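> let's see this in three dimensions:
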Amino acid sequence: MMGPGWYLRRLSRMGPREIAGRAVTAVRVRRWRAVLDAPAPATPPWSPARRFTAVLPGGALAGVSAPAAQRLVATADRLMDGYAEFFGHTRDDMVSPDWAHDPRTGRRAPEVYAFDVPYRDEDAVGDIKQIWEPSRHQHLTVLAAAYALTGEDRYAARVADHLKSWWAANPPMRGVHWVSGIELGIRLLSWVWVRRLLDGWPGAAGLFEDNEEALHQILHHQRWLAAFPSRGSSANNHVIAEDAGLLAAACAFPWFPESAGWRARASASLDDQLHRNTFPSGINRELASEYHGLVLELGLAAAVEADLAGHPMPERTWRTLLRMTDALAAMVDSTLAPPRQGDADDGRGLVVDGDATDRWVSLLATGDALFRRLEWWPSVETGDVRTTLLAALANEHRPAVARPAARPAHVADAGMTILRAADRDGTEIWCRCDGGPHGFLSIAAHAHADALSLEVRHGGVDILADPGTYCYHGEPRWRAYFRSTLAHNTLELDGRDQSGSGGPFLWTRHARSRVLVAHANPGGTSRWSAEHDGYGHRGAPVVHRRTVELDTGAGELRVVDEVVSDRRHRCRLAFHLGPAVRVELDGARARLTWPGRARPGTADLILPEELDWTAHTGETDPLLGWYSAGFGRKAAATTLLGAGTTASGTGVLQTVLRLAGPE
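As a prediction, the model looks like this:
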């Protein structure tokens, strides 16, 4: 639970307008307690004439490829058998799930007034992410898509069973599923797609528009989102999900007196928030790659829904979504994997494909279908279910916006630079250099203390890796480690993070970075240089400056770290190796090996001799040597750690990664 100190720190990051808005929310929280025991209204608050018209056009599924269909059916059949994986934990109770139960801890969330649920307290509630995720009902969109593709009633019947069970177990404002707006927004979007995909099933109308319980739930979800929007310093990806869900439901289920107002409000807010949450370059301002994907998925789904309803989004919305798609195409490596920057919780906006479908390939395929790919885009497989359906529903959009003529290497507003080269066998060397802002808004909720950090991949294999995120609420020690400076490929001074943490989603002091040089030359030597001020305090400026050169001819990555200060500092320089990399450390020289796609890869890492070097793998006291491939999952990996003291004035440390390519 958060103590008084956290609340004071959180309050300090708010402006007067946000404080006033949160005061209004606090009053509403007290008033909405009455919803728990409110009797049913004498006159139903929905239109007596209700039809679902937001259907798929005929033949919409004809473009789904055979591999995509096989992936979808395989996942749906596993769900029918009761199995699903959430954050590394396999559930075997998905035939008839307990919606408030956390199978990881065995705890169950209390069935009390929603805003009384201490959802951040794992001892009282369990792992909140394990409880919330199945109730986003994205497994139901998969089952509904399997019905639409195969016509097999068993999939539709299971969807109906789960919805009826969930609605009965979660009446408005009771329990943990009425606490967070992002959950309600994504759930509404799922319900819209479930109804659409079940349209050919005889029981579809009886499950939704002719079902008072369903209408009651849809109504209260929208009322909740209208009453409790994310505000101010919290208006990040959460507000996008809230707006997307409200807009989709108001468009597809326009059966309530407030529907037109909700639609107009959500449309205007979504357009505004997408604009605010996105750099002009198209990169999401949270600088957390997974959230770039989430926001893009939500924005596309909501904008297509508005098209279908005959109330299209402003052209600015489509320009933002186009820029986000181009930005994604620019940043991915040769395997179409994006950076691992910032927080990641595996959140998805709309899921209608099988588990084995590559999310990033699908997003780029959707971008190609809606906007047309540029010549420099990487090639992607087409025919996934989501792309096929969104393309069938959307109007043609060609926003009037200047698109990059060549693949961008440096994105100035986001401070992101991608250096690329090819080794002698043509395998891509990909290097991300971070010289951007410390996250978004005053709390920078999903940022890590990773200024000037690097990621290096060889043919898509993590060589110098960003270790990831692993967890949010339940394990504070692990949360602090994975977002720390020490957990990134950068330099730590005096045992401090570059930015100051005030809680698991709160930074009270932000390092300021600036890029000095960003010159990409894929056929020669590319150069990047940046610096940050995160270690200065009380009138004693300290600058960490890093220069990176990627020399294609030599197959070398050279890294020079400088500390400019009038005093000496204890320092630790970390290089986190990917989980596939094996290492032999001999003094200040490390031999790296990893399995390549065709043959093993090798490299020599020549480390600064001024530091004492040690290797750490899967250590817990203190935490060091870990890699999280996805939320809730972690595995031992090796960290090379150099410890020593910087010189007064300008101390210089030089590292060389010599990539030999396949043996």
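> helices or strands next to the strand or helix carrying residue 70 in the packing?
Using DSSP states H and E, residue 70 sits in helix 66-80. Here helix 66-80 touches helix 138-150, helix 153-169, helix 385-393, going by 3 or more CB pairs under 8 Å, 6 or more residues apart in numbering; DSSP states H and E. Glycine gets a C-beta too; all of them are placed from N, C-alpha and C.
> which residues touch the first one?
Contacts of helix 138-150 from elsewhere in the structure, counted by CB atoms under 8 Å, 6 or more residues apart in numbering, are 56, 61, 64, 69, 72-73, 75-76, 79-80, 84, 94, 152-153, 155-156, 158-159, 162-163, 186, 190, 193-194, 196-201, 348, 350-354, 385.
> so how do I select the buried members of the residues you listed in ChimeraX?
To isolate the buried subset of the contacts of helix 138-150 in ChimeraX, counting by 16 or more other CB atoms under 10 Å, use the following:
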select :56,61,64,69,72,73,75,76,79,80,84,94,155,156,158,159,162,163,186,190,193,194,196,197,198,199,201,348,350,351,352,353,354,385
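> could you check the angle helix 385-393 makes with the longest helix along the chain?
Secondary structure of the chain read by DSSP state H shows that its longest helix is helix 289-308. Orientation note: helix 289-308 sits at an angle of 30 degrees relative to helix 385-393 (axes from the mean of the first three to the mean of the last three CA atoms, to 10 degrees).
> quick check: next helix or strand after helix 289-308?
Using DSSP H and E, the helix or strand that follows helix 289-308 in sequence is helix 315-331.
> next secondary structure element downstream of that next one?
Counting by DSSP H and E, the next helix or strand C-terminal to helix 315-331 is helix 359-371.
> what angle separates that next one from helix 315-331?
Here helix 359-371 runs at an angle of 140 degrees relative to helix 315-331 (the same axes, to 10 degrees).
> what's the angle from helix 359-371 to helix 66-80?
Interaxial angle, helix 359-371 versus helix 66-80 (the same axes, to 10 degrees): 130 degrees.
> got the buried residues for helix 359-371?
359-371.
> residue 650: what secondary structure?
With DSSP: H, G, I helix; E, B strand; the rest coil as the basis, residue 650 sits in strand.
> okay, and the beta partners of it?
Note on residue 650: beta-bridge partners by DSSP bridges are residue 564.
> so it touches residue 566, yeah?
No - using CB atoms under 8 Å, residue 650 is not in contact with residue 566, being 10.4 Å away.
> and those two? which has more neighbours close in?
Ranked by neighbour count (other CB atoms under 10 Å), residue 650 and residue 566 place residue 650 first, with 12 against 9.
> next, count neighbours for residue 8.
Number of residues near residue 8 (other CB under 10 Å) recorded here: 10.
> okay, and it sits in which element?
Using DSSP H and E, residue 8 maps to helix 4-12.
> give me the distance from that helix to the chain's centre.
Distance of helix 4-12 from the chain centroid (CA atoms, centre = their mean, to the nearest Å) equals 26 Å.
> residues of the helix or strand hosting residue 221 that come out buried?
Residue 221 is located in helix 212-227, with elements delineated by DSSP H and E. Within helix 212-227, the residues that count as buried by 16+ other CB under 10 Å are 214-226.
> with stretch 600-616 instead?
Buried positions in stretch 600-616, judged by neighbour count with 16+ other CB under 10 Å: 601, 602, 603, 605, 607, 608, 610, 611, 613, 616.
> what comes into contact with it?
Outside stretch 600-616, the residues that touch it by CB under 8 Å, 6+ apart are 427, 458-459, 461, 463, 561, 571, 573, 575, 583, 585, 587-595, 624-625, 638-644, 653-663.
> so for it, mean pLDDT?
Averaging pLDDT along stretch 600-616 gives 96.
> ends of it, what's the gap?
23 Å (CA to CA, to the nearest Å).
> check contacts around residue 323.
By CB under 8 Å, 6+ apart, the contact set of residue 323 is 278, 280, 281, 282, 401.
> and if you look at residue 341?
287, 288, 289, 416, 432, 434, 448, 450, 455, 466.
> if we use 6 Å, what do you get?
By CB atoms under 6 Å, 6 or more residues apart in numbering, residue 341 lies in contact with 287, 289.
> now, which of the buried residues of helix 212-227 sits nearest residue 259?
Distance to residue 259, by CB to CB, is smallest for residue 222 among those, at 8.0 Å.
> in the stretch 201-350 of the chain, which segments are predicted with low confidence?
By pLDDT under 70, the stretch 201-350 of the chain has no low-scoring segment.
> in CSV: the buried residues of helix 212-227, plus distance to residue 167.
Converted to CSV, the buried residues of helix 212-227 look like this (distance: CB to CB, whole Å):
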residue, distance to residue 167
214, 7
215, 10
216, 8
217, 5
218, 10
219, 12
220, 11
221, 11
222, 15
223, 16
224, 15
225, 17
226, 20
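> now the two most distant members of the residues you listed.
Going by CB to CB, the pair spanning the buried residues of helix 212-227 furthest: 214 and 226, at 18.9 Å.
> re the thing from before, off-centre distance for the next helix or strand after the helix holding residue 70?
Per DSSP H and E, the first helix or strand lying C-terminal to helix 66-80 is strand 84-86. Between the centre of strand 84-86 and the centre of its chain there are 18 Å (CA atoms, centre = their mean).
> ok, now stretch 381-394?
Offset of stretch 381-394 from its chain centre (CA atoms, centre = their mean): 21 Å.
> please save the CA atoms from that stretch in CSV.
What follows is stretch 381-394 as a C-alpha-only set of coordinates in CSV (Å, rounded to 0.1, in the frame of the first residue of the first chain):
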residue,chain,number,x,y,z
GLU,A,381,3.6,-11.2,-44.2
THR,A,382,0.0,-10.3,-44.9
GLY,A,383,-3.3,-12.0,-44.3
ASP,A,384,-3.5,-11.9,-40.5
VAL,A,385,-7.1,-11.7,-39.1
ARG,A,386,-6.9,-8.2,-37.6
THR,A,387,-5.5,-6.6,-40.7
THR,A,388,-8.0,-8.3,-42.9
LEU,A,389,-11.0,-7.2,-40.8
LEU,A,390,-9.9,-3.6,-40.2
ALA,A,391,-9.1,-3.2,-43.9
ALA,A,392,-12.6,-4.5,-44.8
LEU,A,393,-14.3,-2.0,-42.4
ALA,A,394,-12.2,1.2,-42.9
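> contacts for stretch 386-402, please.
Residues outside stretch 386-402 that contact it (CB under 6 Å, 6+ apart): 57, 60, 63-64, 304, 307-308, 315, 318-319, 322, 352-353, 362, 365-366, 369-370.
> hmm, 7 Å instead?
With contact meaning CB atoms under 7 Å, 6 or more residues apart in numbering, stretch 386-402 is reached by 56-57, 60-61, 63-64, 300, 304, 307-308, 312, 315, 318-319, 322-323, 350, 352-353, 362, 365-366, 369-371.
> one more: stretch 478-493?
With contacts defined as CB under 7 Å, 6+ apart, stretch 478-493 is touched by 448-454, 464, 466-472, 497-498, 504, 535, 542, 544, 561, 563, 569-576, 623, 628.
> so, low pLDDT: which residues of the stretch 51-200 of the chain?
For the stretch 51-200 of the chain, no range has pLDDT under 70.
> could you identify the buried members of the contacts of stretch 478-493?
Buried subset of those (neighbour count, 16+ other CB under 10 Å): 448-454, 464, 466-472, 497-498, 504, 535, 542, 544, 561, 563, 569, 571-576, 623, 628.
> next, residue 614: phi, psi?
phi -140, psi 150 (degrees, to the nearest 10).
> distance of it relative to residue 51?
Per CB to CB, to the nearest Å, residue 614 is found 68 Å from residue 51.
> can you check residue 576 too?
Taken as CB to CB, the span from residue 576 to residue 51 is 56 Å.
> same check on residue 375?
Residue 375 is 45 Å from residue 51, by CB to CB.
> can you check residue 653 too?
Note on residue 653: its distance to residue 51, by CB to CB, is 69 Å.
> for residue 352, same thing?
With distances taken as CB to CB, residue 352 is found 23 Å from residue 51.
> kindly report the same for residue 533.
Using CB to CB, residue 533 is found at 60 Å from residue 51.
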